[in-house]
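K.L.:
this one's sequence-less:
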């Protein structure tokens, strides 16, 4: 069997990570470069001329035009953190290089912080991933399927009617050779109206959509996309159909990763972030060596998300 070059790529080793980000000064310099790649720009007025000074252990920039003072952390997802940047960078490294997911409990042990801090760090970084992937648009041949997080409660309904199941759309764009390129995982009720809204946001009008016979998937036609329907009939045999190989493989890996990493999480409240984490890594899997730098850039451009906002549930209609 030929070696899977994506699976066996080198990535960013722990040695390389420590060489690049092994001190607070290196992390702060990397964050500043990610936030202002062309040099400092005042967050208040946009001017470039500035002075710098050090307060405590943190470097600050002061705009010569409006006198606004800013550190590399201000206005980013790291704002107001009491933890050193080295802990944040290690968390980003672990979340981006792991083959499967990393739980907050595992982060707690690796970072040497309390569980509450590890949970908040993980959810803030997952929120960065969600916002970065929010504008994802799939084109070309796209396989879509209905999927669910959660399971049957004792005494409750089974199947699609289970009160503990959170529905989401799984969509995978494939290349000419049938291999998966990009994915979109969005918590979504399965109605024609909801699918049409999702399609208008996440599918290009030139997409060729392949789905099973679930009636609501006809909603993708509203944007003018081609729609090929294959009635699967359900059961294990339907999961082996070649038309849905990419999306079924992704769903199998996703569910295995979630069940193998987390004992439990609040599906109803936080499904959107856990799905976004999987989607973010999947769509950047071709170059693991650069994924940390890309997440750092996204984190530098993400406005602060205080704990009360992080703990709010997603609004899903």
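P.N.:
Yep, it's here. Computed from a prediction, not measured in an experiment: that's the story for all the values here.

K.L.:
and the pLDDT for the closest residue to residue 85 other than its chain neighbours?
P.N.:
Nearest residue to residue 85 in three dimensions, chain neighbours excluded: residue 27, at 3.8 Å (Cβ to Cβ, 6 or more residues apart in numbering). In this view, the C-beta of every residue, glycine as well, is placed from N, C-alpha and C. Looking at residue 27, its pLDDT stands at 98.

K.L.:
if I pick residue 27, what's in contact with it?
P.N.:
Residues near residue 27 by Cβ atoms under 8 Å, 6 or more residues apart in numbering: 21, 84, 85, 86, 88, 89.

K.L.:
what do you get for residue 230?
P.N.:
Taking Cβ under 8 Å, 6+ apart, we find residue 230 in contact with 210, 211, 212, 213, 241, 243, 244.

K.L.:
which of those residues are buried?
P.N.:
For the contacts of residue 230, a burial check counting by 16 or more other Cβ atoms under 10 Å picks out 210, 211, 212, 243, 244.

K.L.:
only the buried residues of stretch 169-182, if you could.
P.N.:
In stretch 169-182, counting by 16+ other Cβ under 10 Å, buried: 169, 170, 171, 172, 173, 174, 180, 181, 182.

K.L.:
end-to-end on that stretch?
P.N.:
End-to-end distance for stretch 169-182, by Cα to Cα, to the nearest Å: 14 Å.

K.L.:
cool, stretch 94-114 as well?
P.N.:
Termini of stretch 94-114 sit 17 Å apart (Cα to Cα).

K.L.:
same thing with stretch 282-299?
P.N.:
End-to-end span of stretch 282-299 (Cα to Cα): 18 Å.

K.L.:
and what of stretch 12-32?
P.N.:
21 Å.

K.L.:
helices of the stretch 101-250 of the chain, start to end?
P.N.:
Using DSSP state H, counting those that start in this stretch, the helices of the stretch 101-250 of the chain run over residues 104-111, 115-133, 192-202, 245-261.

K.L.:
looking at these, which is nearest to residue 281?
P.N.:
helix 115-133 (8.0 Å; Cβ to Cβ).

K.L.:
ok, back up a step: from the buried residues of stretch 169-182, which is closest to residue 129?
P.N.:
residue 182 (14.2 Å).

K.L.:
wait, that closest one sits on residue 140?
P.N.:
No: between residue 182 and residue 140 there is no contact under Cβ atoms under 8 Å: 9.5 Å.

K.L.:
intersection of neighbour lists for those two?
P.N.:
With Cβ under 8 Å, 6+ apart, residue 182 and residue 140 have common neighbours residue 173.

K.L.:
residue 313: how many residues sit nearby?
P.N.:
11 (other Cβ atoms under 10 Å).

K.L.:
give me the nearest residue to it, chain neighbours excluded.
P.N.:
residue 269 (4.3 Å).

K.L.:
helix, strand or coil for that neighbour?
P.N.:
Secondary structure state of residue 269, per DSSP: H, G, I helix; E, B strand; the rest coil, is helix.

K.L.:
next, the angle from the one helix or strand in the chain whose mean pLDDT sits lowest to helix 104-111.
P.N.:
The helix or strand of the chain with the poorest confidence is helix 245-261; it has a mean of 89 (mean pLDDT, DSSP states H and E). Counting by axes from the mean of the first three to the mean of the last three Cα atoms, to 10 degrees, helix 245-261 lies at 70 degrees to helix 104-111.

K.L.:
now helix 245-261: buried residues?
P.N.:
245, 246, 247, 248, 250, 251, 254, 257, 258, 261.

K.L.:
repeat that for stretch 126-140.
P.N.:
126, 127, 128, 129, 130, 131, 132, 133, 136, 138.

K.L.:
looks to me like residue 61 is in a helix.
P.N.:
No: under three-state DSSP, residue 61 sits outside any helix and is assigned strand.

K.L.:
bridging residues for it?
P.N.:
Beta bridges link residue 61 to residue 52, residue 70 when assigned by DSSP bridges.

K.L.:
kindly provide the distance from residue 39 to residue 68.
P.N.:
16 Å (Cβ to Cβ, to the nearest Å).

K.L.:
cool, residue 35 as well?
P.N.:
Computed as Cβ to Cβ, the residue 35 to residue 68 distance reads 15 Å.

K.L.:
these two: who's more crowded?
P.N.:
Comparing residue 35 with residue 68 by other Cβ under 10 Å, the one with more neighbours is residue 35, at 21 against 16.

K.L.:
give me the nearest residue to the more buried one, chain neighbours excluded.
P.N.:
Going by Cβ to Cβ, 6+ apart, residue 35 has residue 300 as its nearest residue, at 3.9 Å.

K.L.:
contacts only, for the one you found.
P.N.:
Contacts of residue 300 (Cβ under 8 Å, 6+ apart): 31, 34, 35, 72, 76, 77.

K.L.:
one step back: can you list contacts of the least confident helix or strand of the chain?
P.N.:
100-103, 106, 143-145, 147, 149, 170-172, 174, 178-180, 183, 185, 239-240, 274, 278, 282.
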